[in-house]
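> Curious how this folds, go ahead:
(chains A and B)
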Amino acid sequence: MTVTPAGNTGVFGEVELTDSALVGRVIAGDVEAFTGLVARYRDRAARYAMRMLGDPDDADEALQDAFVRAYRSLARCEDRDRFGAWLLSIVINRCRTIGARTGRRERTFVRDEAALLDAAGNGGLGGAGGGFGGKTGGLDVGERVAWRDEIARALAQLDAVYREAFLLKHVEELSYEEMSAMTGVGVSALKMRVKRACDQMRVLLEAAYSP
Amino acid sequence: MDELIDRVARELREPVSLPPGFDARVMAAVRAIGPHVPDEIRDRTMRIRVGSWLTRPRTLRVRPITAIAVGAAAAAVFVGAVIIGARSGRQTPLNAVPVTIAAQPATTVSPAAGSLVRFILVAPKARRVALLGDFNHWDPNATPLSPAASSSAGVWVAAVRLPPGRHAYGFVVDGSRWVADPAAPRSLDDDYGTPTSTITVASGGGNELTAGGKS
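Numbers count the residues shown, from 1 in each chain, chains lettered A, B, ... in the order given. Have a look, this model is predicted:
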């Protein structure tokens, strides 16, 4: 996960505060301490919201809403050291609401131009996750854009519940137990959804995948 | 996980760019909501009838307490004033402390409709003290207490005109430490360790109350 160093990342003085410490400060009345939690978790929350909703405005709305709700109900965060997981469950919920509201099955995914330009400008296509290695080797920017577009289009084709399960399992890399706790869906049902999502993605991407 | 799904997942794990000013917008919304107030503070109720205070000085049960009765000529009554960490038991003659009027809360209360309430906190080590209550939307910037001019023991004061009714309040010391008004009587169902108080201002107006606390 990439954390932008700008702004307060939860470091006070020389000490980086834990989630629990930051949550405690906010609950005690220190509004500004919430900045540290925002900085720590916004990138991950944004990635999920953007992949789930496919539209930057919808994702922005879901994220703003989620962080404000998290702030309001912070006293109900039972495990303060796992604020991130608790926040993600709120983000999941907000994405469900906003996704249902838009009611679009066929979504128009917008290219993340800024990230692509940044990757190209760095001379590599690694992004924050390291090099784009593997059997496909290095793709030029055009191929990379096309590949990302194909993935986005395929993802948009999935039912929302399959897309949600797929993202939580394979992108957020949660365990089925964690997913169950966050979504309220049983483990068996989640496994089925992930499997169906993978099957559908495979079919949709076969044409784009070039070994 | 098969190779295709693996490649897809790795691609999707790449970070996304956020709209500009995201953090700032979240914090603006959060600041507009205001600081957290523990639920037990809002739930705490204490009824103080102005009339009964005038006619029947109340002995406060919270220790340590220094309660000073003030002459009824100005219709001012001390709920109580406590010195933090007092070991010597010295009393501060609070009726001699000049009171500065703090910034008025958002709701303007006419003198006829409300009562002037002095809030006093003795906190010698504090750098700043704020009064938060439902009357100023729990805004830590709305009603700062001022050091009493002749104070030698860290006495902080603010005077606020409150409309009739029940008001919950507390103090925040140095921006982060909640302090209730332990000089105020606790409700019978009080089972929490961090108190705050509610003061009830009777209708009729023109009365003055003083509420004091310790940290």
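> mind listing the helices for chain A?
Ranges of helices in chain A, per DSSP state H, are A:19-27, A:34-53, A:56-72, A:83-102, A:113-121, A:141-157, A:160-166, A:176-183, A:187-205.
> May I see those helices arranged in TSV, with mean pLDDT as well?
Compiled in TSV, the helices of chain A are given as follows (pLDDT from 0 to 100):
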stretch	mean pLDDT
helix A:19-27	93
helix A:34-53	96
helix A:56-72	95
helix A:83-102	93
helix A:113-121	53
helix A:141-157	90
helix A:160-166	97
helix A:176-183	95
helix A:187-205	96
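> Of those, which is nearest B:Ala32?
helix A:56-72 (9.3 Å; C-beta to C-beta). No exception for glycine: its C-beta is placed from N, CA and C like everyone else's.
> In terms of secondary structure, what does the closest one contact?
Helices and strands in packing contact with helix A:56-72 are listed as helix A:34-53, helix A:83-102, helix B:22-33; criterion 3 or more C-beta pairs under 8 Å, 6 or more residues apart in numbering or on different chains; DSSP states H and E.
> And it, how far out from the chain middle?
Averaging C-alpha coordinates over helix A:56-72 and over its chain gives two centres that are 13 Å apart (C-alpha atoms, centre = their mean, to the nearest Å).
> and for that helix, what are the contacting residues?
By C-beta atoms under 8 Å, 6 or more residues apart in numbering or on different chains, the surrounding residues in contact with helix A:56-72 are A:26, A:34, A:37-38, A:42, A:45-46, A:49-50, A:52-53, A:77, A:83, A:86-87, A:90-91, A:93-95, A:97-99, A:102, A:110, B:16, B:18-19, B:22, B:25-26, B:29-30, B:33.
> looking at chain B, which helix or strand is least sure?
Ranked by mean pLDDT, DSSP states H and E, the weakest helix or strand in chain B is strand B:76-78, scoring a mean of 31.
> does the helix or strand just after that strand come close to chain A?
Scanning forward in sequence from strand B:76-78, with DSSP states H and E defining helices and strands, the next element found is strand B:115-122. No - judged by C-beta under 8 Å from any C-beta of the partner chain, strand B:115-122 and chain A are separated, with a smallest distance of 15.3 Å.
> and strand B:115-122, which strands flank it?
Within its sheet, and counting by DSSP bridges, strand B:115-122 is paired with strand B:155-162 (antiparallel), strand B:208-214 (parallel).
> Comparing these, which yields the minimum mean pLDDT?
Confidence, taken as mean pLDDT, is least for strand B:208-214 of those (a mean of 60).
> Can you verify my assumption that B:Leu4 contacts A:Leu205?
Yes - counting by C-beta atoms under 8 Å, B:Leu4 sits close enough to A:Leu205 to count as a contact (6.3 Å).
> who's more crowded, these two?
Taking other C-beta atoms under 10 Å in any protein chain shown, B:Leu4 and A:Leu205 do not tie; A:Leu205 has more neighbours (19 against 16).
> show me the contacts for the more buried one.
Going by C-beta under 8 Å, 6+ apart, the list of residues near A:Leu205 reads A:150-151, A:154, B:4, B:8.
> Top of those by number of neighbours, please.
Top of these by neighbour number is B:Val8, holding 25 neighbours under the definition other C-beta under 10 Å.
> near chain A, anything from the helix or strand containing it?
Taking DSSP H and E as the criterion, B:Val8 maps to helix B:3-12. Yes - figure legend: helix B:3-12 in contact with chain A (C-beta under 8 Å from any C-beta); contacting residues B:3-5, B:7-12.
> okay if I get the residues you listed as a markdown table plus pLDDT?
As requested, these are arranged in a markdown table below (pLDDT from 0 to 100):
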| residue | pLDDT |
| --- | --- |
| B:Glu3 | 90 |
| B:Leu4 | 92 |
| B:Ile5 | 94 |
| B:Arg7 | 93 |
| B:Val8 | 95 |
| B:Ala9 | 96 |
| B:Arg10 | 95 |
| B:Glu11 | 94 |
| B:Leu12 | 96 |
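> Most neighbours of all those, which one?
The most crowded member of those, judged by other C-beta under 10 Å, is B:Val8 (25 neighbours).
> Okay, the nearest residue to that residue once chain neighbours are set aside and A:Arg51: tell me how far apart.
Once its chain neighbours are removed from consideration, B:Val8 has its nearest residue in A:Ile151; the separation is 5.5 Å (C-beta to C-beta, 6 or more residues apart in numbering or on different chains). For A:Ile151, the distance to A:Arg51 (C-beta to C-beta, to the nearest Å) stands at 9 Å.
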